[in-house]
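K.L.:
Mind folding the following:
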Amino acid sequence: MKKFYRIIAVAGVCAAVLAGCGSQDTAGSAAGTEASSEAQDSGSETSADAGEGLRDVTDLETQSLSELDVDSLVKLGDYKGITIEVARKTITDEDVETTLKSDYSANPLKKEVTDRPVQDGDTANIDFEGKYADTKEAFDGGTSQGYDLVIGSHSFIDGFEDGLIGVNVGETVDLNLTFPESYGNADLAGKDVIFTVKVNSIKTAEEEPSDEWAKSLSLDDVSTLDDYRAHLKEEMEKDAQQDFDDTVRQQGVEIAVDNATVDETPQGLINRYYKMVRQSVDSYVQQMAAYTGQQYTAGQYIEGVMQNNGLTGTAEDYLSDIATQQAKRCLVLQAIANRENIEITDEIIDQYIQEDYDAYYSQQYATIEDFKATFEPEDYREQVMTEKVADFIVENADVQATETVAD
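P.N.:
Now for the predicted structure:
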């Protein structure tokens, strides 16, 4: 079963982050779009001008559940025999067709064109070299061989793609262009350049999906378009069932937590989850910077999340609230585990660690011992405990499914 309820509280933060902020691609070469370079410039200025806005977690004093007398802190309410009502999505043929069209739009079957020049919407395979107009010297990042460029995608600077419309296969053209003043590379910003471009081939997308396209997907059970429809429906139904199961567990846990009373949540435990959330956000921000070139502090990033979701207050308050909620949640779940004698042995923990290592981390870490060195064993014990208790709650609940058509 997919790990659905990891105790590291990144889920609440990153879900809002991904929904609220999104990401923007940057161009990989010096011919990249003006919009991308402007986004990079804007991100750099914002990072330089604004402060962190979050407290330092380096020396934050923390406590784990194993260090607390959990039963004295929690008064449990109903958690067995509770009613959980969740909508179950029904996948229709219309849903399958919508997904099929989306899949084809993202990855259409392309046929080579030999009887006409490049048109808007074509994929042109090109070789190109960029040179400064005054010195005729090639500049870094301006040369590529066998590059597939979708005409009209605005992937390159203004004038590049339009300049290839009307060019035939085998022809070479010189494009006299100017980089925008706001371009991220100072060596190219505002400079006049010449791109020498050869069109190697032209491909255009077939308008409608076909058996040939379905077969090209190289799926074991698919050789025709109808096969792909059946494959899609099966996969969509699996996803719908997984969503249903996860939502049932989530709601079951939240009902049990809402029914319990926690008079006092130890600050050390809150600090522990705050630190986890903060480290997760820091890591996500760093990954985003590496991928998009946009530089933000964790505080700035969370403030953007809050603004996009209509939330008020400070980034510090937002993360502290998440940590507090997570601390209460885990206290209640541990209290249920204690009452129901749900014991998490070292053998169970080792099994979970091995599964995660094999599935996600074996390429990143040479040995499982290297992987284990990156976290505390208590993190995994709590993770396993929350999943076992969630399963217990669901197994003892009255689960009522209401059928609904998928959006």
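K.L.:
Report the contact partners of Val193.
P.N.:
130-133, 139, 142, 176-179 (Cβ atoms under 8 Å, 6 or more residues apart in numbering). From N, CA and C alone the C-beta is placed, and that goes for glycine too.
K.L.:
domain parsing for this structure?
P.N.:
10-88+242-405, 110-205 (automatic domain parsing).
K.L.:
weakest of these in terms of mean pLDDT?
P.N.:
Here the domains of the chain differ in mean pLDDT, and the lowest is domain 10-88+242-405 at a mean of 82.
K.L.:
quick one on the thing from earlier: Throw the domains of the chain into TSV and include distance to Asp227, thanks.
P.N.:
Shown next, in TSV, are these (distance: least, Cβ to Cβ, whole Å):
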stretch	distance to Asp227
domain 10-88+242-405	23
domain 110-205	21
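K.L.:
Looking at those, spot the one closest to Asp220.
P.N.:
Of all the domains of the chain, it is domain 10-88+242-405 that lies closest to Asp220, at 20.8 Å by Cβ to Cβ.
K.L.:
picking that back up, identify, from the contacts of Val193, the entry nearest to Gln351.
P.N.:
Closest approach between the contacts of Val193 and Gln351, by Cβ to Cβ: Gly142, at 52.8 Å.
K.L.:
Mind checking which of the contacts of Val193 are buried?
P.N.:
130-132, 139, 142, 177, 179 (16 or more other Cβ atoms under 10 Å).
K.L.:
Just the ones of those in strands?
P.N.:
Counted as lying in strands by DSSP state E, out of these, are 130-132, 139, 142, 177.
K.L.:
which pair in the contacts of Val193 spans the largest distance?
P.N.:
Every pair of the contacts of Val193 checked by Cβ to Cβ; the farthest is Phe139 and Asn176, at 14.7 Å.
K.L.:
which residues of this structure fall in helices?
P.N.:
Taking DSSP state H as the test, the helices found in the chain are 10-20, 34-49, 70-73, 93-106, 211-216, 225-259, 267-292, 298-308, 315-339, 346-356, 368-372, 377-395.
K.L.:
buried residues in the fourth one?
P.N.:
For helix 93-106, the buried set under the neighbour-count rule, 16+ other Cβ under 10 Å, comprises 95-96, 99-100, 104.
K.L.:
TSV for the residues you listed, including pLDDT?
P.N.:
Shown next, in TSV, are the buried residues of helix 93-106 (pLDDT from 0 to 100):
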residue	pLDDT
Asp95	96
Val96	97
Thr99	97
Leu100	97
Tyr104	95
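K.L.:
Could you dump these into CSV and include distance to Ile348?
P.N.:
Formatted as CSV, the buried residues of helix 93-106 follow (distance: Cβ to Cβ, whole Å):
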residue, distance to Ile348
Asp95, 39
Val96, 40
Thr99, 38
Leu100, 42
Tyr104, 45
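K.L.:
burial count for Ile126?
P.N.:
23 (other Cβ atoms under 10 Å).
K.L.:
doesn't Gly163 make contact with it?
P.N.:
No. At 11.0 Å, Ile126 and Gly163 do not qualify as touching, with contact defined as Cβ atoms under 8 Å.
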